[in-house]
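Trainee: Kindly return the folded structure for what I paste below:
(chains A and B)
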Amino acid sequence: MESHLQQRDGVTVLRVVGAIDVSQALALRDVLGEALAGPAPRLVIDLGAVAFVDSAGVGLLVTAHRRAAQESGEVLLADVQPDVARILELTRTDRLLTVVRDVEAGVAALRAASP
Amino acid sequence: MRPEQVRARALEWLTASGPAEARTAGLMTSLGQELALADCRLYVRDGSASAYRLAQTWTSDTSGSRRPAPAAEADRHEAQLELAAVPSAPLETVLTQSGPLHALRLEVPGSLDAMLLVRDARGGLSRGARRALVADTDVLAAVVAELRREGELERDLATTTARAETSRRLHGSAVELDQFLRLLIELAVSATNSEAGFVAVAGPRGELAVRARVGLSDEVDIDLTAQTGMFDWELAQADAPLLLRDPAQAAALGFRSVLALPLQERGVPLGVFGLVTMSRPAAFGEQSLHLLSSFADQITLMLDNQRVFAEFTERYLVVLEGIAAAVDARRPGTAGYSSTVARVAAAVSERMALAPQDQEALRRAGLLHDIGLAALPGARDHYAVDVEHPAVGAGLLETVSVSPVLVSAVQCHHEWYDGWGFPHGLRGDQIPPGGRILALAAFAADMRTGDPARAAWSVERVIEEVRTRAGSQFDPLVVEASVPLLSDVLT
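Mentor: Predicted structure coming up:
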């Protein structure tokens, strides 16, 4: 798994490549911690190149969402592949997470919502 | 016919063997023949019903042969008896559609309100028959009331047993569940190219415990504790999401990936289905996710059936306990006897450090140990009843998947440690520990309770007798464990 952080119009975008499973989760947890640092974090996680997320990965995505919400920020998932969407549904976490079509839509939504 | 003959016949049929309805028919036949009647009918009024309902008839037909008939076959008689007024005098004439009959009210307050309608071949009633019936009205009423109560018990038992059998066939036993779970996990592991899998089941208080596993050795200890374990799952919340709490915990078990699905039915959390890889990345494509989902549905269905069946089993045992308590209440002075046996059995098994679930099984065995008597009500051959009731009781309990400790204890509660008990003459360790404990509990409670033929013993005398019988009737270890606590439990 690889991850790339970048800023776009004041919004953090995290692009993940590869599967997010137990073996990758600890590394990704550190990256997410970095991405969510500071007040009112706004983060789009680009899952366009993620074919599989296991329960560890799902747990990280939900934790990121909750942590951002606690700091009055927001996390959006962009370009979620059908298999990953199905996993979110099977683990019943799809209702906890906000999914947008692609990174551009996510950045636009968070920019519009920013103070 | 002399009055004492009516009484003797009635008591004979009360204690005869066979189903209560057949014995009621026997009683009617005896009355018809002994009193030279042509028509003898029993009508019973249930609760607040306005009319009396035909329960049993006996007639001598024109060919001279005589036959008893249950109500269903009694097409020649009215099924309902509507009385403008209850006859004020015994054997007063009442008019029915088939002519006048003499009515004798059989009444046991709170238990029976019946009318015995009789006539002889000329439409009247001989002086002897009249005298005999009037003299023993109370005995007849008591016997009919008791036979009807036993009939109700038999019907309850038959209905409950039939339901249990149906349910067992539909849902399978606990052993079958474990086999099916393992099979489904194996299929899912293979279909999704995983390496291992497990199903954890939610207990009554929402605690998760692994019920079946494939590809994971018993050393792999998956911590499922609610607050700190592998999964974060709000069981109290309907349709709650299932999250892996800490990836480090899964990594420490050697898991490379774990995909765990919550199993819920109608919002009730039932368990967790997990698939694991250790040496390679997981590969869940669209097809394998579809398969995973359908395996999860099947497992959910099985766990839900198991839950429903467990609820049914519990209700079945409660019904049997009610019937057992009714059997106790039927005999003078023995009300509460089975509860005492249950208390003693539970206390002794706790002192002997049996597993908690076995302690609970023996408490219930105490309540149910004589349930076989309910299935053999009023049998004439008391020896046969004594010998058969442990096996009959165990048979009633085996119908559903209850603890084998419960079944074997009921089966063996009349075995003696030295081999002189019944039904099988088992000795020593051949008798399961639960049977040895229940045998002492039943004896102690029985002696302490007493019956019409024997006054209740003092606690001291019971303890002394239990001590004396160590090594003969009772296991010395059970005696040793019981003696210090009998005084408290029996008082």
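
Trainee: that's a strand at A:Arg15, yeah?
Mentor: Yes. Counting by DSSP: H, G, I helix; E, B strand; the rest coil, A:Arg15 is located in a strand.

Trainee: and it, what does it touch?
Mentor: Taking CB atoms under 8 Å, 6 or more residues apart in numbering or on different chains, we find A:Arg15 in contact with A:3-4, A:6, A:46, A:48-49, A:103. Using the backbone N, CA and C atoms, a C-beta is placed for each residue, glycine as well.

Trainee: What pLDDT is listed against it?
Mentor: For A:Arg15, the pLDDT comes out at 96.

Trainee: That one bridge partners, please.
Mentor: Note on A:Arg15: beta-bridge partners by DSSP bridges are A:His4, A:Asp46.

Trainee: so how far is A:Gly38 from it?
Mentor: Here the criterion is CB to CB, to the nearest Å. By it, A:Arg15 lies 20 Å from A:Gly38.

Trainee: Please apply the same query to B:Asp223.
Mentor: Note on B:Asp223: its distance to A:Gly38, by CB to CB, is 34 Å.

Trainee: So which of these two has more stuff around it?
Mentor: Just comparing B:Asp223 and A:Gly38: by other CB atoms under 10 Å in any protein chain shown the higher neighbour count belongs to B:Asp223, 14 against 11.

Trainee: host element of the closest residue to the more buried one other than its chain neighbours?
Mentor: Nearest non-adjacent residue to B:Asp223, counting by CB to CB, 6 or more residues apart in numbering or on different chains: B:Gly229, 4.3 Å away. If you go by DSSP states H and E, B:Gly229 is not part of any helix or strand.

Trainee: B:Gly229: neighbouring residues, count only.
Mentor: For B:Gly229, using other CB under 10 Å, the count is 17.

Trainee: Does it touch B:Arg245 like I think?
Mentor: Yes. Counting by CB atoms under 8 Å, B:Arg245 is a contact partner of B:Gly229 at 7.1 Å.

Trainee: Now do the shared contacts for the two.
Mentor: By CB under 8 Å, 6+ apart, no residue touches both B:Gly229 and B:Arg245.

Trainee: hmm, back to that, separate out the buried members of the contacts of A:Arg15.
Mentor: When neighbours are counted using 16 or more other CB atoms under 10 Å in any protein chain shown, the contacts of A:Arg15 contain these buried positions: A:3, A:46, A:103.

Trainee: So what touches stretch B:246-254?
Mentor: A:22-23, A:25-26, A:29, A:56, A:59-60, B:220-223, B:229-230, B:244, B:258, B:278.

Trainee: swap in stretch B:410-417?
Mentor: Outside stretch B:410-417, the residues within contact range by CB under 8 Å, 6+ apart are B:365, B:368-369, B:371-372, B:386, B:390-391, B:393-394, B:397, B:421-428, B:431-432, B:434-436, B:438-439, B:442, B:471-476.

Trainee: What distance separates the opening and closing residues of it?
Mentor: 15 Å (CA to CA, to the nearest Å).

Trainee: Report the buried residues of that stretch.
Mentor: B:410-417.

Trainee: cool, and stretch A:24-37?
Mentor: Neighbour-count burial for stretch A:24-37 flags A:24-25, A:28-29, A:31-32, A:35-36 (criterion: 16+ other CB under 10 Å).

Trainee: Looking at those residues, which is nearest B:Leu125?
Mentor: Nearest to B:Leu125 among those, counting by CB to CB, is A:Ala25 at 94.6 Å.

Trainee: what's the helix or strand for the residue nearest to B:Asp358 when sequence neighbours are not counted?
Mentor: Counting by CB to CB, 6+ apart, B:Asp358 lies nearest to B:Val405, which is 4.9 Å off, once chain neighbours are set aside. Taking DSSP H and E as the criterion, B:Val405 maps to helix B:404-411.

Trainee: my guess is B:Pro19 contacts B:Leu153, does it?
Mentor: No. Using CB under 8 Å, B:Pro19 makes no contact with B:Leu153, being 10.7 Å away.

Trainee: what residues are up against the residue nearest the centre of chain A?
Mentor: Residue closest to the average C-alpha location in chain A (CA atoms, centre = their mean): A:Ile45, at 3.3 Å. Counting by CB under 8 Å, 6+ apart, A:Ile45 touches A:14, A:16, A:61, A:64, A:75-78.

Trainee: so which of those is the most crowded?
Mentor: Neighbour tally across those (other CB under 10 Å): the maximum, 27 neighbours, falls on A:Val75.

Trainee: so it sits in a strand?
Mentor: Yes. A:Val75 forms part of a strand when assessed by three-state DSSP.

Trainee: Three-state assignment for whichever residue of the stretch 1-150 of chain B sits closest to chain A, please.
Mentor: For the stretch 1-150 of chain B, the residue closest to chain A is B:Gly47, as judged by CB to the nearest CB, at 51.0 Å. Of the three states, B:Gly47 takes coil under three-state DSSP.

Trainee: model confidence over the lengthiest helix in chain A, on average?
Mentor: Longest helix in chain A, counting residues (DSSP state H): helix A:55-70. The pLDDT scores in helix A:55-70 average 94.
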